[in-house]
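Peer 1: Kindly generate the corresponding structure for this input.
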Amino acid sequence: MPGAAPVSAWITAIEGTEVAGRVALVLALMAAVLHAVFGALQKGRHDPLLARGVIDAFYCLMAMPFALFVVPWPEPHMWPIFAGAFVIHVFYKWSTLAAYRRGAYTVVYPVMRGTGPLFAIIGAYLLFGETFAPLQWLGVAVLLAGLYGLAAYNMAHVTLDRDRLVPALGFALLTGLFVALYTTYDAYGIRATADPFTFLAWFFFIDGLLFPVLALRFYRRLPDRPPSGPLIARGLFGALVAFASFGSIMLATRLDNVGEAAVLRETSTVFAALIGWLFLGERVGPRRLALMGLIAAGAVIVELGG
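Peer 2: This is a model prediction of the structure:
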């Protein structure tokens, strides 16, 4: 990764300082915006498996030279960690694609993201000994009230694909559990190596190996194959977004509390609603906007209470 060495040295130098907390805040919020974009790219005009496969292929190929020739090679103890991350992300992607195939983006995305923070906080406590102040727990409660209020509203009012709504929300809930698992596990992984960019480069290289193969097999079986040009463009753009989104949240978890970073990233639900409304033609409405405001307010309370 160009310039990775000086950036890595700077990140290592500010760890444990007040500057690290401010940088982590910016990174977590940037990850929120970018993750909403990334989710919409998988839910757009192409089947989610096709979109995911092309995105993974591009970020695998883009990460490969950096992993092999630029960043320091992983320490021996990192290989089992990479293997665990690969397995967790395979199940995360599978459940995400299952949810996207069954439900509208603005319906399933809040549930996916809403399950993650609470379990990520618990995982961060068990793994890293992190704790939340009382005001921060209030913020978590407000954020979760907004997220699950949004899910309940969708259950009561959404009519499109109503017969598939319950399984869609079930897969979205399962995805949220995997979000919490990979957030905590990958935070452990990026802290276990001396150079954070070693983890990021090798993660993207290894993580992108499987789903391009699955997507290619699916593409070949389609009776009416979509044009490859727009799909390739989506994959290239999605890979760049994935680098920035995942890289931002992982660096945030290295610099500051994992739980806080996980909670702040879930403001992505607000950005997802805007994307669904502006680009996917999905209606939002004042009540859903109010619930999304609760999500944002909860994230602000968590940050102010820290």
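Peer 1: make it CA atoms for all contacts and neighbour counts henceforth
Peer 2: Noted.
Peer 1: Please give me every residue in contact with Met155.
Peer 2: Met155 makes contact with Leu165 under the criterion C-alpha atoms under 8 Å, 6 or more residues apart in numbering.
Peer 1: And whatever helix or strand it lives in, what's buried?
Peer 2: For Met155, the element it lies in under DSSP states H and E is helix 134-157. Applying a neighbour-count criterion of 16 or more other C-alpha atoms under 10 Å, one finds 136-151, 154 buried in helix 134-157.
Peer 1: Could you do stretch 80-100 as well?
Peer 2: By 16+ other C-alpha under 10 Å, the buried positions in stretch 80-100 come out as 81-82, 85-86, 88-90, 92-93, 95-100.
Peer 1: Now do the helices in the stretch 101-250 of the chain.
Peer 2: If DSSP state H, counting those that start in this stretch is used as the criterion, the helices of the stretch 101-250 of the chain fall at 105-128, 134-157, 165-191, 196-207, 211-221, 228-255.
Peer 1: Just give me how far the second one sits from the chain centre.
Peer 2: Spelled out, that is helix 134-157. The chain centroid and the centroid of helix 134-157 are separated by 19 Å, computed with C-alpha atoms, centre = their mean, to the nearest Å.
Peer 1: re the thing from before, same question for the helix holding Met155, mean pLDDT?
Peer 2: For helix 134-157, mean pLDDT rounds to 80.
Peer 1: and the helix or strand hosting Ala57, what other elements does it pack with?
Peer 2: If you go by DSSP H and E, Ala57 is part of helix 48-69. Helices and strands touching helix 48-69, by 3 or more C-alpha pairs under 8 Å, 6 or more residues apart in numbering; DSSP states H and E, are helix 18-43, helix 78-102, helix 196-207, helix 211-221, helix 228-255.
Peer 1: circling back: alpha carbons only: can I get the helix holding Met155 in CSV?
Peer 2: C-alpha atoms of helix 134-157 as CSV (Å, rounded to 0.1, in the frame of the first residue of the first chain):
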residue,chain,number,x,y,z
PRO,A,134,-23.3,4.8,32.5
LEU,A,135,-24.0,7.6,30.1
GLN,A,136,-22.5,5.5,27.3
TRP,A,137,-24.9,2.7,28.1
LEU,A,138,-27.7,5.2,27.9
GLY,A,139,-26.4,6.0,24.4
VAL,A,140,-26.4,2.3,23.5
ALA,A,141,-29.9,2.0,24.7
VAL,A,142,-31.1,5.0,22.6
LEU,A,143,-29.3,3.7,19.5
LEU,A,144,-30.7,0.2,19.9
ALA,A,145,-34.2,1.6,20.5
GLY,A,146,-33.9,3.4,17.2
LEU,A,147,-32.6,0.4,15.3
TYR,A,148,-35.2,-2.1,16.7
GLY,A,149,-38.0,0.5,16.5
LEU,A,150,-37.1,0.8,12.8
ALA,A,151,-37.3,-3.0,12.5
ALA,A,152,-40.6,-3.2,14.2
TYR,A,153,-42.0,-0.4,12.0
ASN,A,154,-40.9,-2.2,8.9
MET,A,155,-42.5,-5.4,10.2
ALA,A,156,-45.8,-3.6,10.7
HIS,A,157,-45.9,-1.4,7.5
